[in-house]
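Engineer: the sequence isn't on hand, but the structure is:
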Ligand SMILES: Cc1cc2nc3c(=O)[nH]c(=O)nc-3n(C[C@H](O)[C@H](O)[C@H](O)COP(=O)(O)O)c2cc1C
């Protein structure tokens with residue numbers, strides 16, 4: 001079984017990201033190919049990257065980095081639930097990505113993107129560029145939620161439409177394929 005980590009990239013009070021992540025996690029948790037784990041950057045509360053050494057060396061000096069490294073290392077595939085802040089990914093997400101190196105490498109990633117009229121499309125491109133630098137394998141499949149606030153109910157719960165639900169399954173199928181191949185490759189290299 002593959003460990004699928006669902007990473008919530010916004011951390012501000014009153015964020016909508018948690019509602020979108022909850023919707024997607026419900027779908028992913030029913031997929032027997034994955035064990036899902038939500039990685040909530042708000043709960044981890046990482047400071048601005050404060051390690052003295054380059055992450056590629058994995059010579060971490062802080063407990064928060066060691067803990068984050070352990071979490072991300074056990075992921076076999078990543079889904080980033082991201083919005084767009086000023087045409088880019090939220091700073092907290094970029095900060096979290098910068099903290100680590102080899103933990104991310106050789107694993108497939110996709111995005112569930114939500115935002116205004118653009119559906120955070122520019123942030124997804126931004127995220128893919130960073131993912132490539134970290135040697136992740138970005139996949140084109142993904143879920144786009146433009147004007148996502150209109151899909152939230154009175155309690156703030158997000159409800160995906162049929163197109164988004166289909167896109168979520170399509171994305172999970174591709175992540176399962178690539179996740180298995182890349183995991184076998186990583187294990188063979190040990
Ligand atoms: C600082 C900031 C910048 C934003 N910039 C964009 C943007 O560039 N494009 C966009 O579609 N929405 C933008 N928005 C609106 C967000 O899509 C919307 O507020 C969304 O709820 C943010 O996700 P969050 O609630 O999880 O933080 C911005 C919001 C904030 C707070």
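Structural biologist: Nice, I can see it. Here the structure is a predicted model, which means the values were calculated and not measured. Numbers count the residues shown, from 1 in each chain.

Engineer: from here on, contacts and neighbour counts on C-alpha atoms
Structural biologist: Noted.

Engineer: spit out the contact partners of residue 113.
Structural biologist: By Cα atoms under 8 Å, 6 or more residues apart in numbering, the residues touching residue 113 are 80-83, 119-121, 124, 142-145.

Engineer: tell me the phi and psi of it?
Structural biologist: Main-chain torsions, residue 113, degrees, to the nearest 10: phi -110, psi 140.

Engineer: distance of it relative to the ligand?
Structural biologist: Remark: distance between residue 113 and the ligand (Cα to the nearest ligand atom, to the nearest Å) = 9 Å.

Engineer: what's the answer for residue 45, then?
Structural biologist: As judged by Cα to the nearest ligand atom, residue 45 and the ligand stand 15 Å apart.

Engineer: what number of residues lie near that residue?
Structural biologist: 12 (other Cα atoms under 10 Å).

Engineer: before we move on, what about the one 5 residues further on?
Structural biologist: The local packing of residue 50 (other Cα under 10 Å) involves 12 other residues.

Engineer: how about the secondary structure of it?
Structural biologist: Classification of residue 50 using DSSP: H, G, I helix; E, B strand; the rest coil returns coil.

Engineer: one step back: contacts with the ligand among the contacts of residue 113, please.
Structural biologist: Intersecting the contacts of residue 113 with the contacts of the ligand gives 83, 119-120 (criterion: Cα under 6 Å from any ligand atom).
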